[in-house]
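In: Okay, structure incoming, though there's no sequence with it:
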């Protein structure tokens, strides 16, 4: 049996990549990956109570009998929804910027190590200045394709009469029949495959002069 190609390193080789310049990879983690994780955690921490309030008030609104009470609750839902949009918008831009910088620097440093070169902070920063447009363009392609993927799941769920909301299946308290589980399994398998392909596309956009759909 032939050994696996070097372009697909195993876990041991991945750890060896880190040892080529531990200070560089530690810097990427400390300055980019860790703040990114904290930003995402902060967004979840603030957004979750707002989403719970919106859901609770929406359920409450359906049970109100008077138009005045329903209107007051609706205004509160609008206010909470606007707050949620502002919170997510404020977190989106720093999250995306940190994610882009972390991706480019980590991928460039790993590619240099695999090719036998010495990864350095200067080379990683140069890669950011040269290649940042390609990952951004690829992310736009990924977003458009993910919208199509979610639409496909929504249509498939509708065809098999499954509970579906915006392309995300929801299995309610009732026992789902076989068609429900077919869609759930299909969505899970396809989502893993699509995520892997799109992640590889972003990596290729960093190390090669390609972006989007292989341009």
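Out: Yep, it's here. Because the structure is predicted, anything quoted here is derived from the model rather than measured.
In: measure residue 92 to residue 43 for me?
Out: Remark: distance between residue 92 and residue 43 (CB to CB, to the nearest Å) = 8 Å. In short, each C-beta sits where N, CA and C put it, glycine included.
In: Of those two, which one has the most company?
Out: Neighbours per residue (other CB atoms under 10 Å) separate residue 92 from residue 43, with residue 43 holding more: 17 against 12.
In: distance between the strand or helix carrying that one and the chain's centre?
Out: Assigned by DSSP states H and E, residue 43 belongs to helix 34-62. Between the centre of helix 34-62 and the centre of its chain there are 17 Å (CA atoms, centre = their mean, to the nearest Å).
In: Which SSE is immediately downstream of it?
Out: Immediately after helix 34-62, counting by DSSP H and E, sits helix 67-114.
In: now that next one and helix 34-62, what's the angle there?
Out: Counting by axes from the mean of the first three to the mean of the last three CA atoms, to 10 degrees, helix 67-114 lies at 160 degrees to helix 34-62.
In: Helix 67-114 - what's its average pLDDT?
Out: Mean per-residue pLDDT for helix 67-114: 86.
In: just checking, what packs against it?
Out: Packed against helix 67-114 by the contact rule (3 or more CB pairs under 8 Å, 6 or more residues apart in numbering; DSSP states H and E) you find helix 11-20, helix 22-28, helix 34-62, helix 121-131, helix 133-159, helix 178-207.
In: of all the ones you listed, which lies closest to residue 77?
Out: Closest to residue 77 of the helices and strands packed on helix 67-114, according to CB to CB: helix 34-62, at 5.0 Å.
In: circling back to that earlier point, name the residues of the helix holding residue 43 that are buried.
Out: Judged by neighbour count using 16 or more other CB atoms under 10 Å, the buried positions of helix 34-62 are 35, 36, 39, 43, 50, 53, 54, 61.
In: do you know how far residue 133 is from residue 106?
Out: Distance of residue 133 to residue 106, given as CB to CB: 18 Å.
In: Settle it for me: which of those two has more neighbours?
Out: Legend: neighbour count by other CB under 10 Å for residue 133 and residue 106, higher for residue 106 (21 against 10).
In: What's the local residue count around residue 107?
Out: Quick note: residue 107 (other CB under 10 Å) scores 20 neighbours.
In: So it versus residue 123, what's the distance?
Out: On the measure of CB to CB, residue 107 and residue 123 end up 12 Å apart.
In: and if you look at residue 22?
Out: From residue 22 across to residue 123, the span is 16 Å (CB to CB).
In: These two: which has the busier surroundings?
Out: A count of neighbours by other CB under 10 Å puts residue 123 above the other of residue 22 and residue 123, at 15 against 9.
In: Mind pulling the model confidence for that one?
Out: For residue 123, pLDDT reads 84.
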